[in-house]
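K.L.:
coordinates only, sequence not included:
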């Protein structure tokens, strides 16, 4: 989870990351399609196939967030058929989203934050593995080129 | 009215809405979002087949006046009017006319519906603003309103109504009661007061009105509207309409704002092809703090972070005064500005840090000689520096390569075409094309510059049922004899830009500095050997000196100041080798470094943000 959070921050800074995966947990890989896929992977054929799908699906700006006055806007096109722009304006959601940018145990959050974090998880905006959670969308600081308003 | 963009409110409507509320307390302003309604109408009528994508496909074809043609049948009560002529033309250029034909087939019904909805608001006055391709849809709706309720006063204004164009539009359309020519912030409130009082607007400069059956055009006065009279646009009605629109899911709304009017470069050196009206070119800008407060109010109110500016050129003082305010907000805004191209690394860094992610630098060409012909106030090497810094700072550059200037010759292009393979890691032009002849441009106003023979673009004949002399006054785009390059060099330029576009997505040429302080240039450009060039000593300092365009002598002086005593011949030989390796660009005896300090994120398979 710490590495996923790091990968998310690297994506935000447009840093090239070349890494090798050794996935030994039951990871919902499509949730990570917006992050740089591993150049290579170790593991059973089924895992390798999931990594291959990640490489095929990945493109810039698939799931990112932007901070506005009193709200966080999330654009999520990881599944093109369900492309959506979400506006987080409930304070509890904003708090949980921001708090979980640092990977942490779900149970370390306040009850309100845990409720909000669960809602974010159900929307695919937060990942949970073995009781650990971290926020998934990367902050859009460097737009891909070309970036058009229209 | 169509074909205004669907994903942003109309800036002139927003400004005039607020201006009338500020100055005419007895007037109630109600907006009709005609473009959005037409988009919805198409979507519903076609059972979801025609989405904003097809609308944009028509709205983008201003070179064919396609959006105006869509409504011409409705304006003249004849669906067949100029249908075959446009079909013939479309076949000759392989243009898919099907969406436009469908829209034309339903345009009359939309006009009826729009008139019904507008009249249901019980208006005394209905105003239309027209820029680009909004004139014929506006005329068709205005005509229907007047037919049903002759007492309603019809007012037109907007960029398509400036000077002669406004008078021609008025005198040829009896159902248009008034045309406001020029900026509307002063004239429109005065006109509404005259209408309310039942008095003819004889004293309002620039307004066209009817004296019996005679169209009268009041002379326009010199002078422009100061920024203090230009309010922040009121977008409440438009966003309320969007909230309940079936198109909402198809649109990514952005704010359209205005920090300045006119052009601070153009008021001294009007670029020869630029169709900005001389009468309105005087530059005025809002103080940075005021603009920031207006923008932040709009962002907070509408929760929209994408911002388009209407400015022809960004105020140079904004680098100092506005951009730091944007950066300090810590909001993730995404702005688009037009700015002068002679920008150094520091300025582009400031743009990027402020969230100005897309810039139209007005690059137009990479040849200093051609740029001088167009009086552009920049050089080939300055333009390449702007492209290089934009790449380093992840800023999208909007630009087109223009040709066809009187006085240019093939050599101005061959020298650039030869070097395009070295530029493939920088953002290519969106298109390459011959300049258009626009009203108000020096090329139009001064026939001695080469475009003496001119006739309105042929498509005006497919859109307006008017005699040639009236069209000549109404039109903005004109055709003329071609100037400048043609044939092989024209084709070579088009081909080279095509290859540039293809190579860009996977090309990079970037710098790194290692612990040994050597400068390394990593060449990952398509068409070049993959290699690392290592520069040390005076060569490292020399490449650093070429961050801006320099002549050999200027570079010689630069290096001498850093303790490097080199002969001119040695330096010239080194620069030639850098040109051969594609590490510098040369134009008009000036050299500029090409390697970037970072590599922008690209869409490797092409495409753009979804």
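P.N.:
Done, it's in. Given the structure is predicted, the values throughout are model-derived calculations rather than measurements.
K.L.:
wouldn't residue B:57 be in contact with residue B:102 here?
P.N.:
No: at 11.4 Å, residue B:57 does not count as touching residue B:102 under the criterion of CB atoms under 8 Å. For every residue, glycine as well, the C-beta is placed using N, CA and C.
K.L.:
out of the two, which sits in the more crowded spot?
P.N.:
residue B:102 (18 against 14; other CB atoms under 10 Å in any protein chain shown).
K.L.:
element containing that one, please.
P.N.:
Assigned by DSSP states H and E, residue B:102 falls within helix B:98-119.
K.L.:
That helix: how far from the chain's middle?
P.N.:
27 Å (CA atoms, centre = their mean, to the nearest Å).
K.L.:
contacting residues around that helix?
P.N.:
In this structure, residues lying in contact with helix B:98-119 by CB atoms under 8 Å, 6 or more residues apart in numbering or on different chains are B:32, B:34, B:37-38, B:41-42, B:45-46, B:50, B:54, B:57-58, B:61, B:66, B:69-74, B:77, B:79, B:83, B:126, B:137, B:140-141, B:144-145, B:148-149, B:152.
K.L.:
do that again at 7 Å, thanks
P.N.:
B:32, B:34, B:37-38, B:41-42, B:45-46, B:50, B:54, B:57-58, B:66, B:69-71, B:73-74, B:79, B:126, B:140-141, B:144-145, B:148-149 (CB atoms under 7 Å, 6 or more residues apart in numbering or on different chains).
K.L.:
pLDDT on the helix or strand following that helix, on average?
P.N.:
Sequence order places strand B:125-129 as the next helix or strand after helix B:98-119, per DSSP H and E. Throughout strand B:125-129, pLDDT has a mean value of 98.
K.L.:
helices or strands up against strand B:125-129?
P.N.:
helix B:135-148, strand B:153-157 (3 or more CB pairs under 7 Å, 6 or more residues apart in numbering or on different chains; DSSP states H and E).
K.L.:
Would you format these as a markdown table with distance to chain A, mean neighbour count and mean pLDDT included?
P.N.:
What follows is the helices and strands packed on strand B:125-129, written out as a markdown table (distance: least, CB to the nearest CB, whole Å; neighbours: other CB atoms under 10 Å in any protein chain shown; pLDDT from 0 to 100):
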| stretch | distance to chain A | mean neighbour count | mean pLDDT |
| --- | --- | --- | --- |
| helix B:135-148 | 20 | 23 | 98 |
| strand B:153-157 | 24 | 23 | 98 |
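K.L.:
Identify whichever of these lies nearest to residue B:521.
P.N.:
helix B:135-148 (52.6 Å; CB to CB).
K.L.:
and the direction of the closest one versus that of strand B:125-129, what angle?
P.N.:
Going by axes from the mean of the first three to the mean of the last three CA atoms, to 10 degrees, helix B:135-148 is angled at 170 degrees with respect to strand B:125-129.
K.L.:
now helix B:135-148 and strand B:153-157, what's the angle there?
P.N.:
170 degrees.
K.L.:
got a list of contacts for helix B:135-148?
P.N.:
B:1-2, B:68, B:71-72, B:74-75, B:111-112, B:114-115, B:118-119, B:126, B:128, B:130, B:152, B:154, B:156, B:160, B:173, B:175-176, B:463.
K.L.:
Make sure residue B:600 is indeed in a helix.
P.N.:
No: Residue B:600 is assigned coil when assessed by DSSP: H, G, I helix; E, B strand; the rest coil, not a helix.
K.L.:
Does it touch residue B:391 like I think?
P.N.:
Yes: assessed by CB atoms under 7 Å, residue B:600 is found in contact with residue B:391 at 5.3 Å.
K.L.:
neighbour-wise, which of those two wins?
P.N.:
residue B:391 (28 against 24).
K.L.:
Excluding chain neighbours, give the residue nearest to whatever residue of chain B ends up closest to chain A in space.
P.N.:
Going by CB to the nearest CB, chain A is nearest to residue B:332 of chain B, at 3.5 Å. In space, and not counting its chain neighbours, residue B:332 is closest to residue A:66: 3.5 Å by CB to CB, 6 or more residues apart in numbering or on different chains.
K.L.:
Near residue A:123, how many other residues are there?
P.N.:
Neighbour number of residue A:123 under other CB under 10 Å is 15.
K.L.:
The one 10 residues further on too?
P.N.:
Applying the criterion other CB under 10 Å, we find 27 residues in the vicinity of residue A:133.
K.L.:
How about residue B:519?
P.N.:
19.
K.L.:
Enumerate the beta-bridge partners assigned to it.
P.N.:
residue B:513, residue B:535 (DSSP bridges).
K.L.:
Please determine how far the residue nearest in space to the middle of chain A is located from chain B.
P.N.:
Closest to where the C-alpha atoms of chain A average out (CA atoms, centre = their mean) is residue A:136, at 2.0 Å. In this view, residue A:136 and chain B are 17 Å apart by CB to the nearest CB, to the nearest Å.
K.L.:
and that residue, what does it touch?
P.N.:
Contacts of residue A:136 by CB under 7 Å, 6+ apart are A:8, A:31, A:63, A:125, A:126, A:127.
K.L.:
Over to residue B:514?
P.N.:
Residue B:514 touches residue B:520, counting by CB under 7 Å, 6+ apart.
K.L.:
you'd agree residue B:456 is up against residue B:475?
P.N.:
Yes: when contacts are counted by CB under 7 Å, residue B:456 is listed as touching residue B:475 (3.6 Å).
K.L.:
Which one of those two is surrounded by more residues?
P.N.:
Taking neighbours as other CB under 10 Å, residue B:456 and residue B:475 compare with residue B:475 leading, 26 against 23.
K.L.:
And that one, how far from residue B:157?
P.N.:
18 Å (CB to CB, to the nearest Å).
K.L.:
try residue B:335
P.N.:
Counting by CB to CB - residue B:335 and residue B:157 are separated by 27 Å.
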